[in-house]
Every structure is written in structure tokens, then in C-alpha cells.
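Asker: structure for this input, please:
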Amino acid sequence: MKKNLKVLFLAVFVAVASCSFTTKEFNDTDKDKVLIDLITYVLQKGHYSPSDINDEFSAEVYKDFITGLDPLKRYFLASDIEEFSKYKTEIDDQIKSKDLTFFNLVYNRLQERMEDVKKIYPEVLNTPFDYTKDESINVDYDNIDYVSSKKELKERWRQQLKFSTISTYYDNVEENKTAAADNDWEENEDFKPESEEELEIEARETSKTSLDEYFDFTQDLERKDYFSIYLTTIVEEFDPHTNYFAPPDKDRFDLRMSGRLEGIGARLQKKNDYIKVIEVISGGPVWRGDHLQVGDLITKVRQEDEDKAVSIVGMRVDDAVKLIKGPKGTKVTLTVKRVDGAIEEETITRDVVELEETYAKSSLIEKENNNYGLINLPQFYFNMEDYKERNAASDVKKEIERLKEEGIEGLVLDLRGNGGGSLRTAVDIAGLFIEEGPVVQVASNGKKEVLEDEDDAIVWDGPLVILVNELSASASEILAAAMQDYERAIILGSKQTYGKGTVQNVLDLNQWIRKSDMGDMGALKITTQKFYRVNGGSTQLEGVKSDVVMPDQYSYFDVGERDYDNPLPYDKIDSADYKKWDGYIDYKETISKSKARMEKNAQLQLIDEDAKWIKARRDESEVPLNFDKYVADIEKRKEETKKFEEIDKYDNKLDYKSLPYEIEMMRQDTTLREKRKRWHTNLAKDIYVEEAINVLRDLKINNIKAGKMADIKN
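Answerer: Numbering: from 1, shown residues only. Predicted coordinates for the structure are as follows:
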């Protein structure tokens with residue numbers, strides 16, 4: 001799988017690690033050389049299955065680094081590639097000798113080519129595109145050649161810019177038609193439809209603005225940013241989940257894992273030379289004090305112990321954010337340019353900002369006078385500094401207890417799209433549903449450790465269904481696999497989950513650098529272990545196979561560990577000593593009933609057909625740049641997709657309600673009320689939730705077992 005500049009981390013497990021496997025000193029005064037020496041040393045000593053840094057390794061780094069920098073082949077020339085190729089099998093030797101010749105050559109050449117392109121795209125977009133010309137573009141960029149001259153480079157940019165602009169032009173034409181139809185413009189002097197020429201000009205201006213903003217962003221990138229990409233390319237050759245974190249990236253990673261930050265509670269983006277507010281986070285200091293609005297521009301920042309404000313106009317967004325965020329309880333004064341042009345100062349007391357969309361949430365589901373609970377868990381979050389403060393396991397436990405107060409007869413745990421997180425929270429959540437016993441086996445350096453639930457208390461002993469899809473990964477797979485092996489829950493969803501069966505530690509690279517003035521060295525997320533189900537099978541590549549398979553939009557896409565470069569292999573170990581759950585009397589019969597329903601379900605057949613159609617369209621590589629043919633292609637697709645519109649109109653006839661504590665919160669928080677309303681609207685169209693409720697209704701609890709569980713809890 002090709003890697004872009006930004007790497008999507010679908011799932012991780014994090015553990016605090018202290019490694020003392022080296023007494024080697026890193027005394028080079030060149031920070032880049034120290035980094036490459038340190039990282040490769042740590043990888044060779046600490047990775048679960050370290051790769052040989054040889055010619056084959058070198059060729060992969062060469063390919064992935066160049067592809068990552070220029071995925072659309074619109075910067076480098078064929079002559080550049082020929083020059084680079086001399087180093088194709090030498091990068092391994094350069095890594096070992098701390099030689100940065102290859103990186104420096106590629107980096108400097110990219111800067112040159114980007115300067116060339118900054119002159120090309122305004123010139124191309126200054127001339128109207130001829131949409132009557134019969135031409136097309138091949139968007140299978142992996143299989144097109146690099147251009148051989150600057151003249152050909154300009155032509156490639158012309159085609160790609162025409163491709164990006166034609167869609168905007170089409171949208172403009174359609175909006176203009178709609179506006180004309182809604183207005184009797186021959187009688188309405190205030191309205192006049194725009195000409196095709198005017199619409200075409202607007203489309204080119206939109207493309208130019210987008211590229212201006214892109215190159216404004218790249219202007220802020222420094223050599224160290226590109227070197228971080230190079231380091232990431234190297235470490236990802238060990239496996240897809242081993243990554244280098246430059247200091248700002250480590251902060252973002254910590255935030256994703258904890259779902260919280262200390263700051264003002266606003267998302268910021270650089271717009272031209274200004275830092276712009278693009279979102280106000282519900283519940284944060286800015287939201288509570290109504291200090292900022294979306295669209296406001298922040299021009300200056302002053303700390304509470306400073307007399308003079310610092311201008312952040314033209315500053316890198318990461319550097320501006322460092323000035324704005326800070327510890328809980330401290331104050332920061334922002335000079336703000338409002339949307340209406342007014343200049344004002346706002347003093348904000350920083351606080352802990354919790355990103356509620358990352359946390360567990362629940363809904364009460366009613367069907368035929370029976371209550372069921374659904375808990376949606378977006379990730380297995382935890383506080384990296386204090387596990388006990390707030391984590392996914394404690395939140396899920398609270399939601400279960402609240403749902404039990406409403407008299408639920410079954411529980412759905414929705415792990416769809418959950419990319420993972422903390423290993424410990426997965427074990428703790430499993431413990432909410434079983435008596436004490438093994439949950440997952442972890443192997444490293446030939447040793448095996450069994451992580452167990454050691455608490456015999458059970459928070460929920462009733463029917464349980466777990467929803468998964470192809471994006472359920474890591475901790476999601478640990479939990480789903482354990483519940484499947486114990487026959488404690490029925491797993492319902494995609495054919496298999498993501499297939500990530502590895503464990504990563506995050507290592508602070510600064511621990512090896514003493515008395516250095518080179519600054520923060522960042523961190524390395526490194527694969528140190530593999531985990532295995534209690535039955536001995538790995539989830540690596542194989543994922544968790546659903547008990548009841550239901551197709552979805554990802555069914556025919558390359559989504560999963562097996563579709564990445566360099567994944568670790570699947571294997572098996574001995575089973576752990578565990579006893580299957582005996583609380584159901586019809587576990588296998590319920591699965592058979594559900595499968596029979598799904599085989600005859602017309603809605604699922606339509607979803608499967610839609611998934612196949614989407615896959616076929618995405619595989620098409622030739623796109624017409626003639627406007628009439630472009631429109632005809634869109635109209636054809638619209639006609640083909642009409643029958644799939646019924647998917648979104650589906651009504652599962654279930655009633656959804658928020659729990660009493662949230663209803664009380666909604667009296668003050670209209671944003672929360674709107675979020676839950678939207679969520680319930682989507683749940684009402686969800687056939688997977690409908691079938692989960694059907695399964696819960698079919699599952700019968702062993703009364704003797706249920707009575708025993710009651711004794712345990714009481």
C-alpha cells in the first residue's frame with residue numbers, strides 16, 4: 001500500500017516502556033545523524049521481529065519515500081528519478097554510516113521542483129480550459145511514467161488541474177441551473193444567471209485558491225519536517241505500526257489516546273498568514289465563556305506573566321498552538337479579529353478539554369415494550385499519565401450500570417470503526433462480562449504472558465452482542481475474540497475485522513541523549529509483542545471472523561492489515577486454560593437463526609450490491625475531461641445509484657432514547673442535544689443494530705446460571 005505524507009494510524013496499543021538494552025552513546029553534534037543512528041539501533045535491539053537492513057530494505061525505503069513525497073508524479077522528472085536510482089541499494093549502507101546523501105539530494109530537488117510548480121499552476125489557471133476537447137486523464141498514478149521535461153510537466157499539471165477544476169465547474173453549472181429554476185429571473189431584476197464563461201472563471205479561481213493555500217502550508221514546512229517523513233519511511237519497513245513521532249506528532253498521539261487536552265478548547269488552522277478558528281469544542285473554556293466564534297482570526301498571544309503580546313501572523317500553526325495552549329488554570333490573552341472586522345482581546349482560563357466524540361456513549365432502545373442497551377465505543381482511550389482518572393473501561397462500566405437501572409434485557413457493544421488503543425482497557429472491559437479468566441496472550445522474545453481478568457464480579461451477565469466491521473482493530477479485536485472464544489457474546493458484522501495482532505510501546509528517544517542542546521528528539525512507536533486469542537490463534541492478518549456476517553460498504557475494499565506493506569505474519573501458539581461461558585442455553589441456535597434471516601434480507605442484498613458497485617467505480621482509472629462526456633458519465637452514475645437510495649431511507653422501527661443523566665445535561669448543552677439527535681437518526685436507519693436486537697431477543701439465559709450471577713454481584 002502506498003504511503004502518503006500523512007500516515008493514518010488505524011490502531012495502536014500503548015504501554016509505558018523503559019528500555020535499558022544499550023549503553024551506546026550518541027555524541028554526534030548533527031541532530032539528524034544522531035536520530036537516524038539512535039532509531040535504527042533501538043529498532044534492531046527492541047523490535048519484535050527486526051528487519052535486516054540490506055539492499056532489499058534499501059529498495060523499499062527508496063520506493064516508498066519518493067512515492068510518499070510525489071504520489072501524483074507531478075514534481076519529479078524522469079531525469080530526477082534516474083539520478084535518485086543510483087542510491088536504490090545504497091540507502092542501507094548510508095543508514096549504517098549516518099550518511100544523509102540520498103535524503104539531502106531528494107529533499108533539495110523537491111524544493112527546486114516545487115518552486116518550478118509555483119510558477120506553472122498560476123499560468124495554467126490563468127487560461128480558460130477547453131471543455132469541448134475530447135481528452136481524458138489516467139488517475140492510476142502508480143502506473144504512469146514520470147515526465148521527461150518541464151514542458152511535459154506543465155502538460156501534466158494542465159491535465160490534473162483540469163481534472164480538479166471540471167468537478168467545480170460542473171457544480172457551478174448545476175447550482176446556477178437550480179438558482180435560475182427557483183427564480184423567475186426574467187421578472188426578477190435582482191437575479192441574473194451567470195454565463196458559462198463566468199462559471200468557468202469561478203471554477204479556476206477556486207482551484208487556484210486551494211493550491212495557494214496548499215503551497216502556503218508547504219512554505220511553513222521545514223527541513224526537519226521532511227526528515228521526519230524520511231525517518232517514518234525507514235521505520236515503517238519494519239512493520240506498518242512502527243512509527244517515528246516528531247515532538248508535535250507525539251503530542252497529537254497522546255491526545256488521540258486520552259481524548260483530552262489542556263488548553264482553550266478550539267481547533268485552529270492556518271489560513272493565509274492568519275491562525276483561524278475552525279471549531280469550538282463543546283464544553284471547553286472558549287465554549288463556556290463564548291470567547292471565540294468559528295471564523296475568528298487570532299493575531300496575537302500574551303501569557304499572563306507577560307506585558308507584551310507576541311504576534312502569530314505568519315507563524316507556523318504548530319508554533320502558534322504551542323503559545324496558545326497550556327496547563328490547566330493558567331490564563332492566556334488573545335488578540336482576535338472578528339468576522340465583522342472588529343479587533344478585540346479575550347482573556348481565557350485554560351482547562352482540561354475532553355473531546356466527547358472519542359468517549360463511550362449509550363442509548364436506550366425500545367422494542368415491543370422491552371428495553372435494550374447500546375454502547376458505542378469509538379476507541380479504547382486512557383490517560384497516559386494516570387490510568388485511573390478516566391478510561392474506556394470505567395466509562396463502559398458506568399454506562400452499563402445506568403442502562404441496568406432502565407431495566408435492559410440485552411446489551412449491544414458497538415465497536416465498528418474502533419481502531420483500538422489501550423491493551424489494559426480491553427482486558428478490563430472483558431472482565432465486565434465474565435468471571436475471572438484469561439483474556440489475551442502476549443508473546444515477546446520467546447516468552448508468553450497471559451493477561452487475565454482477576455475480578456470474579458460480573459457487571460453484565462445478560463445477553464451480549466458485539467458489532468464489528470473491517471475497521472475494528474487491535475483492542476477491538478482482543479475484546480471481540482475473547483468474547484467469541486468464551487462464547488459470551490455473538491459477534492455480528494463484517495466477514496473479518498482489521499487483522500492487527502501486534503502490540504506497540506512508545507519510547508521517549510530523549511532517554512538515551514544526555515546533556516544535549518539538540519532539543520527534543522521525539523519518540524518511537526515500536527512493535528515489541530504479538531497478541532493471541534485465548535484459543536491460541538492470532539488475530540494478525542486473520543482478524544476476528546464474525547459469527548454472523550453482514551456486508552457493508554467496505555466489503556470489497558482493500559482495508560486491513562493484510563493490505564499494507566510489511567505486515568508481520570499470522571501464527572498460532574498453545575491455547576490458554578479457560579472455560580467457556582455456560583450462561584446461554586441456545587448460543588449456536590441463535591447464530592443459525594440470525595444467519596438464516598440475513599440470507600433472506602433484501603436490505604442486506606442491496607447493501608452488498610451497492611458495495612460491489614462502489615468498488616467497480618473506484619477501480620476505473622480513465623476520467624473524461626470533455627464536459628459533455630463528464631456530465632454524461634455523472635448522469636449515468638446517478639441513474640445507476642437510484643436504487644441504492646433506498647438504503648438511506650431504511651427504518652428499523654426501533655425507538656432510541658438518551659439516558660436520564662444525559663437528558664438533564666441537554667437542558668444546558670444544546671450542542672450535545674443536537675449530537676444525540678443526529679446519532680439516533682442514524683441508528684434508526686441501521687440494519688446492523690436491528691439484527692443485534694433480534695439476536696438479543698433470541699438469546700435465552702440459563703436461569704440457573706443467571707441466579708448464580710446474581711449471587712456474585714450481590
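Asker: after the longest helix belonging to the chain, which helix or strand is next?
Answerer: Ranked by number of residues, the top helix in the chain under DSSP state H is helix 150-182. Following helix 150-182 in sequence order, the next helix or strand is helix 196-220 (DSSP states H and E).
Asker: what mean pLDDT does that following helix get?
Answerer: Averaged over helix 196-220, pLDDT sits at 88.
Asker: elements contacting it?
Answerer: Counting contacts by 3 or more C-beta pairs under 8 Å, 6 or more residues apart in numbering; DSSP states H and E, helix 196-220 is packed against helix 101-125, helix 150-182, strand 266-271. Any C-beta I mention is one placed from the backbone N, CA and C, and that applies to glycine too.
Asker: any idea which of those is most buried?
Answerer: Of all the helices and strands packed on helix 196-220, strand 266-271 has the most neighbours on average by mean count of other C-beta atoms under 10 Å, namely a mean of 18.
Asker: state the mean pLDDT of that strand.
Answerer: Strand 266-271 comes out at a mean pLDDT of 78.
Asker: using PDB, list the CA coordinates for that strand.
Answerer: Provided in PDB are the C-alpha atoms of strand 266-271 (Å, rounded to 0.1, in the frame of the first residue of the first chain):
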ATOM      1  CA  ALA A 266     -10.700  25.400  19.900                       C
ATOM      2  CA  ARG A 267      -9.400  23.800  16.800                       C
ATOM      3  CA  LEU A 268      -7.200  26.100  14.700                       C
ATOM      4  CA  GLN A 269      -6.000  26.100  11.200                       C
ATOM      5  CA  LYS A 270      -3.600  28.400   9.200                       C
ATOM      6  CA  LYS A 271      -5.400  30.500   6.600                       C
END
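Asker: for the chain, which strand is longest?
Answerer: When the chain is parsed with DSSP state E, its longest strand is strand 523-532.
Asker: and that strand, how far from the chain's centre?
Answerer: Taking C-alpha atoms, centre = their mean, to the nearest Å, one finds strand 523-532 lying 19 Å from the centre of the chain it belongs to.
Asker: same question for stretch 500-518.
Answerer: Distance, stretch centre to chain centre, for stretch 500-518: 23 Å (C-alpha atoms, centre = their mean).
Asker: first-to-last residue distance for that stretch?
Answerer: 35 Å (C-alpha to C-alpha, to the nearest Å).
Asker: hang on, the earlier thing: any chance of the helices and strands packed on helix 196-220 in CSV, with distance to Phe217 too?
Answerer: CSV is the format used below for these (distance: least, C-beta to C-beta, whole Å):
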stretch, distance to Phe217
helix 101-125, 12
helix 150-182, 17
strand 266-271, 7
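Asker: secondary structure class for Asp145?
Answerer: coil (DSSP: H, G, I helix; E, B strand; the rest coil).
Asker: circling back: compute the inter-axis angle for the longest helix of the chain and helix 101-125.
Answerer: Inter-element angle recorded for helix 150-182 and helix 101-125: 50 degrees (by axes from the mean of the first three to the mean of the last three C-alpha atoms, to 10 degrees).
Asker: got the angle for helix 150-182 vs helix 196-220?
Answerer: Going by the same axes, to 10 degrees, helix 150-182 makes 130 degrees with helix 196-220.
Asker: of all the helices and strands packed on helix 196-220, which one is nearest Tyr650?
Answerer: For the helices and strands packed on helix 196-220, proximity to Tyr650 was assessed by C-beta to C-beta; helix 150-182 is nearest, at 27.4 Å.
Asker: please name every helix or strand in contact with the closest one.
Answerer: helix 101-125, strand 136-138, helix 196-220, helix 627-641.
Asker: repeat the analysis, applying 6 Å as the threshold.
Answerer: helix 101-125, helix 196-220 (3 or more C-beta pairs under 6 Å, 6 or more residues apart in numbering; DSSP states H and E).
Asker: dump the ones you listed to a markdown table, plus distance to Leu699.
Answerer: Formatted as a markdown table, the helices and strands packed on helix 150-182 follow (distance: least, C-beta to C-beta, whole Å):
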| stretch | distance to Leu699 |
| --- | --- |
| helix 101-125 | 58 |
| helix 196-220 | 52 |
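Asker: what's the closest of those helices to Arg416?
Answerer: helix 196-220 (32.4 Å).
Asker: so what's the gap between the closest one and the chain middle?
Answerer: On the basis of C-alpha atoms, centre = their mean, helix 196-220 is displaced by 27 Å from the centre of the chain it belongs to.
Asker: again with stretch 361-373
Answerer: Mean-position distance between stretch 361-373 and its chain equals 29 Å (C-alpha atoms, centre = their mean).
Asker: just the endpoints, please. Distance across that stretch?
Answerer: End-to-end for stretch 361-373, by C-alpha to C-alpha: 11 Å.
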